[in-house]
Structure formats: structure tokens, C-alpha cells
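[1] Need the 3D shape of this:
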Amino acid sequence: MASFYTERGLDPDKMYQDMKKRMDAEGLAYGQRTHSYNSRLAQELGKWSETIEYGEQLENQFYKAYFVEGKNIGKADVLLECVDAAGLPVDDAKIVIEKRTFKSAVDADWDKSRQYGVTGVPTYVVGGYGVVGAQPYEVLEKLVNEAGAQKSTQV
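    I've put the predicted structure just below:
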């Protein structure tokens with residue numbers, strides 16, 4: 001992982017401290033990861049979770065596993081722990097992983113992302129403008145303002 005950052009002129013410790021500060025300000029847990037893992041199966045399970053009741057709970061478990069606990073979300077057993085912790089049907093999730101039921105749906109999402117020129121996650125696109133990466137509020141506010149958004153007078 002060090003070469004990933006070095007090749008791009010990035011300082012992983014500074015990046016962690018900056019993100020940790022943002023997360024702390026929002027009251028969100030955030031751990032220091034030492035590895036990046038292939039999240040493809042997690043993406044497929046995430047797509048599956050969009051089709052079932054209470055499926056949105058899985059996002060929180062993936063976040064906790066990866067960004068707080070530093071777990072390898074490329075491993076089926078870790079993913080199934082997340083499914084179980086979210087209160088979703090583990091046996092159904094096993095089938096999704098084994099049969100790759102949502103592979104084509106995720107492939108389509110990746111194709112769309114390439115068409116938009118997405119180079120990282122998260123990516124925010126509004127009115128033809130975009131920013132990549134977790135950003136402070138001010139950056140997102142500037143994005144929507146540049147896109148022509150009008151402030152609402154409603155509360």
C-alpha cells in the first residue's frame with residue numbers, strides 16, 4: 001500500500017489525520033487502515049441489499065468492518081459476518097456470492113462510472129461538475145453552488 005501512495009506523491013499519515021479529524025467532527029468512528037482490499041464482492045452484496053427490506057443496514061456494517069476495524073472485505077466470511085450483523089438473510093447472501101447473481105449489475109455500474117470519468121470513490125457529480133474523494137462540507141457546498149443550486153429558504 002505504501003507504493004500506491006508514494007507513486008502518487010501522497011502522505012498516508014496526513015491523509016489519515018485529515019480524514020480522522022473530519023470523522024471526529026461528525027461523531028463517526030474511523031480507524032487507521034494498513035491495507036486496501038478488493039471490494040468487488042462487497043459491491044455485489046451491496047447491490048443485492050438494495051433489493052431487500054432493510055438492506056440499507058448492510059452499508060453501515062461494511063463501513064464498520066473496513067473503515068473502523070480494518071477487516072478484509074474481499075473475504076466471503078467477513079462479508080457474511082456483515083450481513084448477519086445487519087440482520088439480513090445470510091443464506092441468501094451466500095447464494096449471491098457463490099452464483100455472482102449481481103455481477104452484471106455491478107459491471108453496468110462500473111461501465112457508467114467509466115463513462116463519467118470517475119477515478120475514485122466517493123465521487124460527487126452535480127450539474128456537470130464533480131469532485132473526487134471524501135471532502136469537507138465547504139468543498140461540497142462550492143460544488144453545488146458552481147452547478148447553480150439555489151439555497152432554499154425552507155427549513
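[2] What's the first helix or strand after the helix or strand bottoming out on mean pLDDT in the chain?
    Using mean pLDDT, DSSP states H and E, helix 2-7 stands out as the lowest-scoring helix or strand of the chain, at a mean of 66. Once helix 2-7 ends, the next helix or strand along the chain (criterion: DSSP states H and E) is helix 12-25.
[3] ranges for the strands of this protein?
    123-126, 129-132 (DSSP state E).
[4] Run through the neighbouring helices and strands of the last one.
    So the one you mean is strand 129-132. Counting by 3 or more CB pairs under 8 Å, 6 or more residues apart in numbering; DSSP states H and E, the packing neighbours recorded for strand 129-132 are strand 123-126, helix 137-146. Bear in mind the C-beta positions are built from the backbone N, C-alpha and C, glycine included.
[5] out of those, deepest packed?
    Per-stretch averages of neighbours, counted by mean count of other CB atoms under 10 Å, single out strand 123-126 among those, with a mean of 14.
[6] Which of the helices and strands packed on strand 129-132 comes out lowest on mean pLDDT?
    Lowest mean pLDDT of the helices and strands packed on strand 129-132: strand 123-126, a mean of 87.
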